[in-house]
Structure formats: C-alpha cells, structure tokens
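# mind folding the following:
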Amino acid sequence: MNLVSVQSHVVYGHVGNSAAVFPLQRMGVEVWPIHTVQFSNHTGYGAWEGEVFGPGLIRDLMAGLDARGVLSSCDGLLSGYMGSAEIAEAIVEAVATVRRANPSARYCCDPVIGDVGRGIFVREGIPEFIKAKALPAADIVTPNQFELDCLTGRTSRTRDEVRDAVKALHDLGPRAVLVTSLHTDETPADAIDMLASDDTGCYLLRTPRLKAHIDGAGDLVAALFFAHYLRQGCAREALAHAGNSVFGILQKTVEAGAREIQTVLAQDEIIAPTSSFEVVAAGMPLHDLGERAL
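Next up, the predicted model:
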C-alpha cells in the first residue's frame, strides 16, 4: 500500500506527519510525506522555530510525483492540519491529481479545526473550506466530537444526536466516518468513546480515560484508521485495530511520564495491541454508499 500524507512536521516530538508516518511504515505501508510546515516542536510549547511552507510547494511536489509516473500506484492521500485556505486548496488539488492517475485512490481528511475547551484554533475560513470543498472530496473523515458539531452545526450530547450528526457528515460526501474523543451522556466519566460508521453499520469502542492530554493522538488514530480501513474495507475492523493500538500507545506514554506520544517506544502496540476492547454495534447503517462504495 502506498499513501501520500500531507501534514505538518516537527523535528522533536510526534504530531502531524511525525505522528503518522512511522506508525504507517510499521504497518508495512509505504508513505510519501509532504510537509506543510517544519517546526522544531509543536506549538503547544508556546515557542518554536521553523518555517511554514506555501501551497506552491505542495503543487510542485505533486507535479514531481506525477512526472515520475508513480501516482498510478498510490492508494490514497491523508491530510491533517491545513494552515491556510490556500494550502487547503492545494491539498484538494492534490487529491484530484492522485485520482486522475488512479481513480480508485481514496482520500482521508482529518478535519483539524479545534477541540473542547480550546474552541476553534485554525485560521478564519478553514472550517468553511473543509465543509464546502474537502468533505465532498473525502471518502473518509475523522473529526473529534467538537469538529463533528462544528461541521454539522449540531450538538452531540446524546448517542442519538451523535448518530444524527454523523448522518449529516455522510450526506456531505464521506463514505466512512470516525468520531474520536467522544463523550455523551451515556459515556462514564472515567471512559472515552470512538464511533465509526460506514455502509456496514455504526460501531462504538469504549476505552478507559487516561489522565493526560497528549498532542498528536488524533493524527495517529486518523492514520491508523485510514490504513486499516483500506485493508479491511469495514469500519468495525478498522475501529478495533486502530482504537486498541492507539490506547496501548497512549497508555505506555502515560506510564513513561512523557509529554510526547511514544510511538517508537510503544511501536509493538501498532502490530499487536496488548489490550482488546470490544467493538459494539451502535445502530443500523446511516447511509447508502451507492456508486462510491469503498
């Protein structure tokens, strides 16, 4: 499997491509990373050095790949944080470039917008662009609960409200949806949920809530879910594999007392998670895939 990953990159720590590339490679996926920024560390430290790259670099690198004739063997493109509307436009163009070479290639959009407690932290216009342009182009979308509500204009306090919001996302184009960092009135205080939906059904995985905020976890789960979904073709299996692996990595990160997610230390969790949490049905299929079925 060959994937293009267009995301930010940090020298120290693991967010964006630094959180996605190695875990995908550990799964046996060939990754072609395109960095939208290169910083010394993620911005959560409050200070960093480095450079933001312009949209022209994405276009140039994609043109180079196209000229080499390799995009016909590209199985998909993964995108994360979009630093500007111009970069977002270049990413959607990159998806079209890949699909011209390989019409069966899939696009996974991790719609980074914000989070509970922080609100929206991306530049003005990004949420609107994602909803109007990225989601209709996407086969798979992986929002957290805050982003789910932001993109659909709904609230998701209950399981039924979450299902309604996920249905609204499907209606915008994506054929598979993964909602992360999910907490409804049915979620115990000491737990956290993930919900995945496609034409086979709607599924829930619940894990213990770890007492730590670890940057890069969303980037990691989006990458693993995308790769497993392409391999398995089923939201239930992709949720089980990705969810159990991410919990194991996060647990080992907490045990190590580390601020940065320990993808190298805990790499065995990518292949053989030590914990196996049950995936349960959370309802009937929310949509009909029709001609765009994966």
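# could you pull out the strands for the stretch 51-200 of the chain?
76-79, 106-109, 114-115, 119-120, 140-141, 176-182, 191-198 (DSSP state E, counting those that start in this stretch).
# how about these, which one is nearest Thr207?
Among the strands of the stretch 51-200 of the chain, strand 191-198 comes nearest to Thr207, with 6.0 Å by C-beta to C-beta. The C-beta positions use only the backbone N, C-alpha and C, and glycine is treated the same way.
# in terms of secondary structure, what does the helix or strand just after the closest one contact?
Next in sequence after strand 191-198, counting helices and strands by DSSP states H and E, comes strand 201-208. Packing contacts for strand 201-208, counted by 3 or more C-beta pairs under 8 Å, 6 or more residues apart in numbering; DSSP states H and E, involve strand 191-198, helix 235-255, strand 279-283.
# any chance of a markdown table for these, columns distance to Lys211?
Putting the helices and strands packed on strand 201-208 into a markdown table (distance: least, C-beta to C-beta, whole Å) gives the following:
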| stretch | distance to Lys211 |
| --- | --- |
| strand 191-198 | 11 |
| helix 235-255 | 7 |
| strand 279-283 | 24 |
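# select, out of those, the one closest to Ala96.
Once those are compared by C-beta to C-beta, strand 191-198 is nearest, at 23.1 Å.
# who's in contact with the closest one?
162-163, 166, 170, 175-184, 187, 202-209, 221, 225, 234-236, 238-239, 243, 282, 285-286, 289, 294 (C-beta atoms under 8 Å, 6 or more residues apart in numbering).
# quick check: Gly77 touching Asp110?
For residue 77 the amino acid is Leu, not Gly. No: Leu77 is beyond contact range of Asp110, at 11.4 Å (criterion: C-beta atoms under 8 Å).
# picking up where we left off before, any chance of the strands of the stretch 51-200 of the chain in TSV, with distance to Gln251, mean neighbour count and mean pLDDT too?
Formatted as TSV, these follow (distance: least, C-beta to C-beta, whole Å; neighbours: other C-beta atoms under 10 Å; pLDDT from 0 to 100):
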stretch	distance to Gln251	mean neighbour count	mean pLDDT
strand 76-79	24	28	98
strand 106-109	25	26	98
strand 114-115	21	16	84
strand 119-120	28	12	79
strand 140-141	26	27	98
strand 176-182	16	25	96
strand 191-198	12	24	96
